[in-house]
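Quick check, what structure comes out for this input:
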Amino acid sequence: MDLNNIQDIVEKDGIIFLTYGSFLSQTLISGMTEALEQETISSDLSMGISTNIFTIFIELSQNIMNYSKTKDEYSSNVKSHGLIVVGKDDKHYFIHSQNIITDVDRKRIEPKVEEIVSMSKDEIKKRYRELRRSGKNTHAKGGGIGFYEIAKRSDTINYEFKKINSEKYYFHFISTVNITKTKKEK
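Modelled structure (predicted):
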């Protein structure tokens, strides 16, 4: 995703209320969740929709932190760099993320995401429970349980790996959450 894509979304009557493109840290993620909280309050979203948006945002932010490591040319510090956009249109909220990953990480991530996309909601929930119970792949880099968490809470997910060179890829991930009922409609 680039700035032209963001502008395209806005022009199609979408509202973007959170855009961040730079180095990520836990402190920044925490601050951005406050902005998301304000959106959910002002839009009077149900607790379920709010929780889904928060969880997806946090999981995608953590994926950026885990997979997009670049070394600071002026020090030995390693930073996580990426782009995350949260917005809405008339029918759904969307969470886009993009970061640069290595080919090694792509080879770990792609089969898991392909499997998830091919599964039904019930199969995703079942597999998620199995992974949680087993304790395997729960917090390890490339474990994939975060993608199951996202898929459980999303109405749709899409992804793309776009080759930059033989060692690097853009990893673009899109999750949508349908707007169903507000608190007032319940």
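
which residues of the chain fall in helices?
For the chain, the helices defined by DSSP state H cover 3-11, 26-42, 47-67, 103-118, 121-134, 145-153.

Tell me which of these approaches residue 177 most closely.
Relative to residue 177, the nearest member of the helices of the chain by CB to CB is helix 47-67, separated by 4.9 Å. For glycine as for every other residue, the C-beta is placed from the backbone atoms N, C-alpha and C.

what comes into contact with the closest one?
Helix 47-67 has contacts (CB atoms under 8 Å, 6 or more residues apart in numbering) with 24-26, 29, 32-33, 36-37, 40, 45, 80-82, 84, 86, 93, 95, 97, 99, 101-102, 105, 109, 141, 146-147, 149-150, 153-154, 171, 173, 175, 177, 179-180.

Quick one: residues in contact with stretch 168-176.
1, 56, 60, 63, 67, 92-103, 106, 109, 113, 150, 153-164.

Whichever of those end up buried, select them in PyMOL.
Those of the contacts of stretch 168-176 that count as buried under 16 or more other CB atoms under 10 Å are selected in PyMOL with:
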select buried, resi 1+56+60+63+67+92+93+94+95+96+97+98+99+100+101+106+109+113+150+153+154+157+159+161
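
Let me see the contact set for the nearest residue in space to residue 171 that is not next to it in sequence.
Residue nearest to residue 171 in three dimensions, not counting chain neighbours: residue 101, with 4.8 Å by CB to CB, 6 or more residues apart in numbering. With CB under 8 Å, 6+ apart as the criterion, the residues that contact residue 101 are 67, 68, 109, 168, 169, 171.

run the last query once more with 6 Å
Neighbouring residues of residue 101 by CB atoms under 6 Å, 6 or more residues apart in numbering: 67, 169, 171.

Against residue 49, how distant is the residue nearest the centre of the chain?
The centroid of the chain falls nearest to residue 60 when counting by CA atoms, centre = their mean (2.9 Å). From residue 60 across to residue 49, the span is 17 Å (CB to CB, to the nearest Å).

pLDDT score assigned to the closest residue to residue 59 other than its chain neighbours?
Of all residues not flanking residue 59 in the chain, residue 146 sits nearest, at 4.5 Å (CB to CB, 6+ apart). Looking at residue 146, its pLDDT is 90.

show me where pLDDT drops low in this protein?
Along the chain, segments meeting pLDDT under 70 span 1-27, 31, 69-79, 135-143, 180-186.

ok, residue 149 - how many residues close by?
By other CB atoms under 10 Å, the residues close to residue 149 number 18.

residues contacting it?
Residue 149 sits in contact with residue 59, where contact means CB under 6 Å, 6+ apart.

If we use 7 Å, what do you get?
Going by CB atoms under 7 Å, 6 or more residues apart in numbering, residue 149 touches 55, 59, 128.

Make a markdown table from those and add distance to residue 134 and neighbour count to it.
As requested, these are arranged in a markdown table below (distance: CB to CB, whole Å; neighbours: other CB atoms under 10 Å):
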| residue | distance to residue 134 | neighbour count |
| --- | --- | --- |
| 55 | 21 | 19 |
| 59 | 19 | 20 |
| 128 | 11 | 17 |
